[in-house]
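S.K.: Generate a structure from the sequence data that follows.
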Amino acid sequence: MRTFSVRKGMALSACAVLAVSLGAATQAQGSTYTHPSPVLTNPANYTPNLVDTGDRKPVAYAAAEAGTQMVVGGDFNAVENSTRTTQYNRSNVFAFNATTGVVNPDFHPQVDGDVWSVLVNGDSVYIGGGFKNVNGQPRAALAKVSLSTGELDTSFQPTFAGARVSDMALSHGQLIVAGTIKPRLKSLNPATGKPTTYLSNVVTGRLPNSNSAQVFKFDISPDQQRLVAVGNFLQVDGADRPRMFMLNLGDNSATLSSWNYPPNGLSCTSGRVNAQAYIQDVDFAPDSSWFAVAAFGFQFQSNFYGRQLCDSVSRFETNNLAPERPTWINYTGGDSLKSVGVTGAAVYVQGHSRWLDNPVVTNGVTNPKNLPFQGGFPFDRCGPGCVSRPGGGAVDPDTGVALDWNPEMPQQSGGYKILPTATGVWFITDGERFGHEYRRGLRFAPLP
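M.R.: Numbering: from 1, shown residues only. Predicted structure coming up:
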């Protein structure tokens, strides 16, 4: 997810100014930032931490830039400064200075449920999740608050009765929201929260033996011409589009693209109910010409090696509307990947992985390390050519082979948000450590 609203007050480093392609013009978030190199594995020391208060394991689900600040949402009730000497009560969302880590003392909305998505537009912050009330007032799944004061914007009144908003973006003058809300993907007036006719596509169906029907995540290309969505669904506008679809975004409406990938209709072999909707995240490259997909689900089905996306990160070309296989695919060997972030230098992934290149797969089914598979494909073990990548790693955007980048970030479930910025990458997660340092819930890896 990214927003195409104008941001102010973000100072770009000299190298970042040269590296940012479209981001300099639009001040957009996400993978509109093209980096000249991978980020460091040594995280910034000033970032705040989530606090385990004993009632539940704290986790961060979402983050967004807000000028010189960052806004983070999740499931927590306290945060602390980087030195762990001062705690602040915060109800599932908070803001802090992006370069000093100082927690914003004025922004502390009271949100009575988890926050899965945050989106900033000027001094306004949209929050989406599974909550029912904000600051004591009814606001199911979606609300708009002031970044300056944390007060609820009472003029913004969406009509959701419940369910969950898990992703959002601003584009073509619309607030586009996704989740378990009906009809799964919807366009709203950014000022009032009322439905608009821009996006009228009908997303239907639910995978057998699965959890809630939903559009879980989506991304909009930096040129604002395409939207790719992933989640638990079967059809869009009556056409078969299991687990993933693409929309063409026009000035006044969105239409379903003919893009389709039939192997997405196959289930992975995991016996877990929630593994049926195994495609978890999508992110466009800065030039909009391709996108990367993160997935879990365990084993691919027989004869679908190199094609089925189970427990992998993969690349698809935007203009190839009938791909027979990904441009490349990198399997973990049985561990989940939950989020993906693309820059010009790397494709970052995080989850609860142990390995990448397991076995090495690039451009379909080749093995660039020329190693034998020794009796089949490795699942739940380190196969020939695999590399250790606890919690995630990075792969080469062109070849799909794992880069040396390895901060060692062990995580229980894995992070749901990777946010590139002009000066580095934010990793939002349930983990506690990054590069052998304590960084609970959020961490920033700067550019060299």
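S.K.: make it CA atoms for all contacts and neighbour counts henceforth
M.R.: Will do.
S.K.: how far away is the residue lying closest to Asp123 once chain neighbours are set aside from Ile127?
M.R.: For Asp123, ignoring the flanking residues on the chain, the nearest one in space by CA to CA, 6 or more residues apart in numbering is Leu147 at 5.2 Å. Counting by CA to CA, to the nearest Å, the separation of Leu147 from Ile127 is 11 Å.
S.K.: And for Val425?
M.R.: 21 Å.
S.K.: residues contacting the residue nearest to Asp123?
M.R.: Residues counted as contacts of Leu147 (CA atoms under 8 Å, 6 or more residues apart in numbering) are 107, 123-125.
S.K.: Where does pLDDT dip in this structure?
M.R.: Where the chain drops to pLDDT under 70, the residues are 1-31, 271, 273-274, 360-376.
S.K.: what about the nearest residue to Asn260 once chain neighbours are set aside, how many neighbours?
M.R.: Leaving aside its chain neighbours, Asn260 sits nearest to Ala322 (5.9 Å; criterion: CA to CA, 6+ apart). Ala322 has 12 neighbouring residues, counting by other CA atoms under 10 Å.
S.K.: I figured Arg443 hits Gly431, correct?
M.R.: No - using CA atoms under 8 Å, Arg443 is not in contact with Gly431; the gap is 9.7 Å.
S.K.: now the helices: where do they sit in the chain?
M.R.: Ranges of helices in the chain, per DSSP state H, are 14-19, 23-26.
S.K.: quick one: the strands in the stretch 251-400 of the chain?
M.R.: 254-256, 279-284, 290-295, 312-317, 328-331, 337-342, 347-351, 355-356, 387-388, 392-395 (DSSP state E, counting those that start in this stretch).
S.K.: Between those, which one is closest to Ser267.
M.R.: strand 279-284 (10.5 Å; CA to CA).
S.K.: Just confirm Arg241 contacts Gln235, I think it does.
M.R.: Yes - contact criterion CA under 8 Å: Arg241 and Gln235 qualify, at 4.8 Å.
S.K.: who has more neighbours, those two?
M.R.: Arg241 (24 against 18).
S.K.: that older thread, how close does the residue nearest to Asp123 get to Thr47?
M.R.: From Leu147 to Thr47 the distance is 19 Å (CA to CA).
S.K.: Same question for Cys310.
M.R.: Taken as CA to CA, the span from Cys310 to Thr47 is 33 Å.
S.K.: Show me the contact partners of stretch 59-74.
M.R.: By CA under 8 Å, 6+ apart, stretch 59-74 touches 7-10, 29, 50, 58, 75-76, 92-99, 114-123, 127, 415-417, 419, 428-431, 441-442.
S.K.: Could you rerun that using 6 Å?
M.R.: With CA atoms under 6 Å, 6 or more residues apart in numbering as the test, stretch 59-74 has contacts from 7-10, 75, 92-98, 114-117, 119-120, 416-417, 428-430, 441.
S.K.: Out of the residues you listed, which end up buried?
M.R.: Using 16 or more other CA atoms under 10 Å as the burial test, the contacts of stretch 59-74 include 7, 75, 92-98, 114-117, 119-120, 416-417, 428-430, 441 as buried.
S.K.: Which members of those occur in strands, if any?
M.R.: Those of these mapping onto strands are 75, 93-97, 115-117, 119-120, 417, 428, per DSSP state E.
S.K.: will you turn those into CSV that also has distance to Pro286?
M.R.: Below are those laid out as CSV (distance: CA to CA, whole Å):
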residue, distance to Pro286
Asp75, 30
Val93, 28
Phe94, 28
Ala95, 26
Phe96, 27
Asn97, 26
Val115, 27
Trp116, 24
Ser117, 21
Leu119, 19
Val120, 20
Lys417, 17
Ile428, 20
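S.K.: Gly344: which of the residues you listed is nearest?
M.R.: Closest to Gly344, out of all of those and judged by CA to CA, is Lys417, at 18.0 Å.
S.K.: Cys310 and Thr47 - which one has more neighbours?
M.R.: Cys310 (32 against 23).
S.K.: Nearest spatial neighbour of Tyr61, chain-adjacent residues omitted?
M.R.: Gly74 is the one closest to Tyr61 (CA to CA, 6+ apart), at 4.7 Å.
S.K.: Give the bridge partners for that neighbour, please.
M.R.: Ala60 (DSSP bridges).
S.K.: Tell me, how many residues neighbour it?
M.R.: 27.
S.K.: Start the count at 35 instead of 1 going forward.
M.R.: Will do, 35 is the new start, and the previous item becomes Gly108.
S.K.: ok, Phe194 to Thr226 distance?
M.R.: 13 Å.
S.K.: In strands only, show me the contacts of Leu181.
M.R.: Filtering the contacts of Leu181 for membership in strands, criterion DSSP E, returns 158-159.
S.K.: Of the contacts of Leu181 - the most surrounded one?
M.R.: Val159 (22 neighbours).
S.K.: Pull up the gap between that one and Ser422, please.
M.R.: 38 Å.
S.K.: next one: Glu185
M.R.: 46 Å.
S.K.: Same check on Ala328?
M.R.: Taking CA to CA, one finds Ala328 at 18 Å from Ser422.
S.K.: of those two, who's got more company?
M.R.: More crowded of Ala328 and Ser422, by other CA under 10 Å: Ala328, with 29 against 18.
S.K.: neighbours around the nearest residue to that one once chain neighbours are set aside, how many?
M.R.: Spatial nearest neighbour of Ala328, chain neighbours left out: Val347 (4.6 Å); criterion: CA to CA, 6+ apart. Val347: 33 surrounding residues under other CA under 10 Å.
S.K.: Just list whatever residues bridge to Val347.
M.R.: Beta-bridge partners for Val347, by DSSP bridges, are Ala328, Asn364.
S.K.: dump the residue contacts of it.
M.R.: 327-328, 363-364.
S.K.: Is it correct that Ser71 is in contact with Ala379?
M.R.: Yes - counting by CA atoms under 6 Å, Ser71 touches Ala379, with 5.0 Å between them.
S.K.: So those two - more neighbours on which side?
M.R.: Ala379 (18 against 14).
S.K.: ok, so what distance separates the more buried one from Gly458?
M.R.: In terms of CA to CA, Ala379 sits 11 Å off from Gly458.
S.K.: so what's Ala288 up against?
M.R.: 233, 282.
S.K.: Tell me how many other residues surround Gly213.
M.R.: Gly213: 29 neighbours (other CA under 10 Å).
S.K.: Distance check, it against Ser234.
M.R.: For Gly213 relative to Ser234 (CA to CA), the value is 15 Å.
S.K.: Same check on Phe190?
M.R.: Counting by CA to CA, the gap from Phe190 to Ser234 is 21 Å.
S.K.: Comparing these two, which shows the higher neighbour count?
M.R.: Between Phe190 and Ser234, Phe190 has the larger neighbour count (other CA under 10 Å), namely 19 against 16.
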